[in-house]
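J.: Here is a sequence together with a model predicted from it:
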Amino acid sequence: MANKVTINENVCKGCGLCVVACPKKIVELDHAKINDKGYHPAFVCDIDKCIACAMCAIMCPDSAIKIEKE
């Protein structure tokens, strides 16, 4: 089982704090998608590089990110 990052797209407001916090630079805002609130939600572009440090989840002011370690 690999590390798993779950981002609740309907809660995410696209603030980008998780993008800045990620040491592996694998969290991005999805500019091709808009959620129900009108924001571009965050997503993980390369889950295989995730070290499950949870910095993205810690920085998220809306608790939209959940981390599960392998």
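T.: Happy to help now that I have it.
J.: and the gap between Glu28 and His40?
T.: Glu28 is 9 Å from His40, where distance means Cβ to Cβ, to the nearest Å. Any C-beta I mention is one placed from the backbone N, CA and C, and that applies to glycine too.
J.: Ala21 too?
T.: Taking Cβ to Cβ as the measure, Ala21 falls 17 Å from His40.
J.: element containing Glu28?
T.: Assigned by DSSP states H and E, Glu28 belongs to strand 27-29.
J.: so how far is that strand from its chain's centroid?
T.: 6 Å (Cα atoms, centre = their mean, to the nearest Å).
J.: What lies in contact with that strand?
T.: Strand 27-29 has contacts (Cβ atoms under 8 Å, 6 or more residues apart in numbering) with 5, 14, 16, 18-19, 21, 40-45, 56.
J.: Which strand residues bridge Ile65?
T.: Using DSSP bridges, the beta-bridge partners of Ile65 come out as Ile7.
J.: Quick check, it in contact with Met55.
T.: No - in this structure, Ile65 is not within contact of Met55 by Cβ atoms under 8 Å, at 9.8 Å.
J.: list residues touching both of these two?
T.: Overlap of the contact sets of Ile65 and Met55 (by Cβ under 8 Å, 6+ apart) consists of Cys18.
J.: Neighbour count: the two, which is higher?
T.: Using other Cβ atoms under 10 Å, the more surrounded residue of Ile65 and Met55 is Ile65, with 23 against 19.
J.: residues in contact with the more buried one?
T.: Applying Cβ under 8 Å, 6+ apart, one finds that Ile65 lies in contact with Val5, Thr6, Ile7, Asn8, Cys18, Ala42, Cys56, Ala57.
J.: where does it land on pLDDT?
T.: pLDDT recorded at Ile65 is 98.
J.: Could you pull up the mean pLDDT of stretch 6-20?
T.: The average pLDDT for stretch 6-20 rounds to 98.
J.: So for that stretch, what gets flagged as buried?
T.: By 16 or more other Cβ atoms under 10 Å, the buried positions in stretch 6-20 come out as Ile7, Glu9, Val11, Cys12, Lys13, Gly14, Cys15, Leu17, Cys18, Val19.
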